[in-house]
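[1] Provide a 3D model corresponding to the input given below.
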Amino acid sequence: MRTDPEVACYVRSSTEKQTVEHQYDDIDEWADQRDIDPAEIDRYVDLSQSGSDPGREQFEELIDAMRTGRYDYVVIWEISRLARLGSTYQEFFEVAEASDTVIAITDGWVDEVRPDGTGKLIADISAAVAEEERRRLIKRVHAGVRRARNAGKWLGEVPVGFERNNEGYLQPLLNPEPNEDGYLDIRTALEEIEEGESYRQAAKPLDTTRQTLSRIDQDDGRKQWYLNATAEDDRVQDALEDLS
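    Below is the predicted model of the structure:
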C-alpha cells in the first residue's frame, strides 16, 4: 500500500429534504483520526437518489475509478448509503475485492470490509437489518396513511383556497394572509371566468396562477367546490358543509 493512501468517500441522500452534513462530519472525523486531510478525499455525491437506483451517476463513476485500482480506501457513513441488497450491492464489493480497496464504514456494525472478505458477513447482516427496518417503516407509514384517510383527514397537497387544520382536516381558507388566496377569492375568479373573463385577467389580483385557475375551471367536479360548495369527495364536502 502506498505511504499516503488514496481515499474516496461516497455520500447519498434519498430525498431533497435529507441533509448529508452528518455524513460529511463522520467521514471527516474518520480522516482526522488517521492524519488524513479531509480536503484530499475525493467526494462522490448523489443527492435525492434512491439506493435501489442502479443508475446513480456518481456511484457509477466511483465504481469505474475503483476498477482502475485508484483508491486504497472508500469511506461511507453507513452501509445503506451504497445500495439496497441485490446485484448492485454485490457488484460494489466484488469490485472492491478485485481492486484491493478497503471499505471503511463510520456508522455501522463493522468498521471495515477488507478485500480478503474480513467484515463482509457483518456488513451483509447490517444491510439486511437496515432493509428490514426500511420495509417495516414503509408498512407503518402506509398504515398511518390509511388510518388518516379513513378518518377523513386530508393528505397531500392542500387545494388552493383551503387549509388543513391542526387535526388534519380540510377547511375553506376564509381569512387568508396577504400572500394567500382564500376560498372566496378563488370563487370570485371562477365566477368572472364563467362570465367570460380570461384566465389571465381573473388571475391578476391573485397569487394563484392563471394555469391553476384554468385547471380548476376545466375540472367540472373541482370547479363545483368553489361555485356551488359541493363535492363528491366526502372530505371536501364535510369541509364545505357550513357554506352550502
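[2] Tell me which helix or strand comes right after the worst-scoring helix or strand of the chain on mean pLDDT.
    Lowest by mean pLDDT, DSSP states H and E among the helices and strands of the chain is helix 120-150, with a mean of 73. Where DSSP states H and E defines the elements, the next helix or strand beyond helix 120-150 is strand 162-164.
[3] Name every strand pairing with that following strand and say which way it goes.
    Within its sheet, and counting by DSSP bridges, strand 162-164 is paired with strand 170-172 (antiparallel).
[4] Show which residues not belonging to the partner strand make contact with it.
    154, 158-159, 161-165, 182-183, 235-236, 238-240, 243 (C-beta atoms under 8 Å, 6 or more residues apart in numbering). Bear in mind the C-beta positions are built from the backbone N, C-alpha and C, glycine included.
[5] ranges for the strands of the protein?
    7-12, 42-46, 73-76, 102-105, 112-113, 162-164, 170-172 (DSSP state E).
[6] Let me have those in a markdown table, adding mean pLDDT and distance to residue 59 as columns.
    Formatted as a markdown table, these follow (pLDDT from 0 to 100; distance: least, C-beta to C-beta, whole Å):
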| stretch | mean pLDDT | distance to residue 59 |
| --- | --- | --- |
| strand 7-12 | 95 | 7 |
| strand 42-46 | 94 | 6 |
| strand 73-76 | 96 | 11 |
| strand 102-105 | 94 | 13 |
| strand 112-113 | 92 | 17 |
| strand 162-164 | 93 | 38 |
| strand 170-172 | 91 | 41 |
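[7] which one of these has the most crowded surroundings?
    strand 73-76 (a mean of 26; mean count of other C-beta atoms under 10 Å).
[8] what comes into contact with it?
    5-11, 27, 30-31, 41, 62, 66, 82, 96, 101-106.
[9] Report the residue ranges of every domain in this protein.
    7-137, 162-240 (automatic domain parsing).
[10] Can you flag the weakest of those domains by average pLDDT?
    Lowest mean pLDDT within the domains of the chain: domain 7-137, a mean of 88.
[11] quick one: terminal-to-terminal distance for that one?
    End-to-end distance for domain 7-137, by C-alpha to C-alpha, to the nearest Å: 34 Å.
[12] quick one: that domain to chain centroid distance?
    19 Å (C-alpha atoms, centre = their mean, to the nearest Å).
[13] let's have the chain start at 28 instead
    Sounds good: first residue 28 from here, last item domain 34-164.
[14] What residue in the protein is the furthest from its centre?
    For the chain, the residue at maximal distance from the C-alpha centroid (C-alpha atoms, centre = their mean) is residue 222, at 42.7 Å.
[15] who are the neighbours in contact with residue 131?
    Residue 131 makes contacts with 57, 100-103, 138-139, as judged by C-beta under 8 Å, 6+ apart.
[16] Export those residues as a markdown table, with columns for distance to residue 49.
    Listed next are these as a markdown table, based on distance: C-beta to C-beta, whole Å:
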| residue | distance to residue 49 |
| --- | --- |
| 57 | 13 |
| 100 | 20 |
| 101 | 18 |
| 102 | 14 |
| 103 | 13 |
| 138 | 18 |
| 139 | 20 |
